[in-house]
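Chemist: Structure here, sequence nowhere to be found:
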């Protein structure tokens, strides 16, 4: 299961508290990409191939929302969907206590406000 990440910085939009509707979108080579802010879109436009290469294999842990290269994760198959967990055993244990909540949050279907919801200096507010 994929969650939307910023095509420039690789941050999970869920972790930042940015909904699908709040994200900045840009089409490049007939594919629509999401960005956490106008600043990331501006950088992307300067060198799209560079940023797409850097963020191509980023996966997001459903529990802690850490963004990591797929090779640094532990993939788990659940109901036909692959989830990528950081290597922390706590995350998988916590996920197993309430998997549907974490699946919904990863998909942006909860009211999760993001890790920086109270930080007015965060780039995405």
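Modeler: Here it is on my side, so go on. Just so we're clear, the structure is a prediction, and the values are computed from it rather than from any experiment.
Chemist: At the geometric centre of the protein, which residue sits there?
Modeler: Nearest to the mean C-alpha position of the chain, by C-alpha atoms, centre = their mean, lies residue 12 at 2.3 Å.
Chemist: Would you agree that residue is in contact with residue 23?
Modeler: No: taking C-beta atoms under 8 Å as the definition, residue 12 is not a contact partner of residue 23, at 11.3 Å. Any C-beta I mention is one placed from the backbone N, CA and C, and that applies to glycine too.
Chemist: intersection of neighbour lists for the two?
Modeler: residue 4 (C-beta atoms under 8 Å, 6 or more residues apart in numbering).
Chemist: so residue 101 is in which element?
Modeler: helix 99-106 (DSSP states H and E).
Chemist: In that helix, which residues are buried?
Modeler: Across helix 99-106, burial judged by 16 or more other C-beta atoms under 10 Å covers 99, 101-103, 105-106.
Chemist: Extract the residue ranges of the chain that are flagged as low pLDDT.
Modeler: 1, 116-125 (pLDDT under 70).
Chemist: all helices in it, in order from the N-terminus.
Modeler: 13-16, 38-46, 48-55, 89-97, 99-106 (DSSP state H).
Chemist: quick one on the thing from earlier: just checking, what packs against the helix holding residue 101?
Modeler: In terms of contacts (3 or more C-beta pairs under 8 Å, 6 or more residues apart in numbering; DSSP states H and E), helix 99-106 is packed against strand 81-85.
Chemist: and among the helices of the chain, the most buried is which?
Modeler: helix 13-16 (a mean of 23; mean count of other C-beta atoms under 10 Å).
Chemist: Show me how far that helix is from its chain's centre.
Modeler: In this view, helix 13-16 has its centroid 6 Å away from the chain centroid, taken as C-alpha atoms, centre = their mean, to the nearest Å.
Chemist: residues in contact with stretch 72-90?
Modeler: In this structure, residues lying in contact with stretch 72-90 by C-beta under 8 Å, 6+ apart are 1, 59-64, 66, 68, 70, 91-92, 95, 99, 103, 106.
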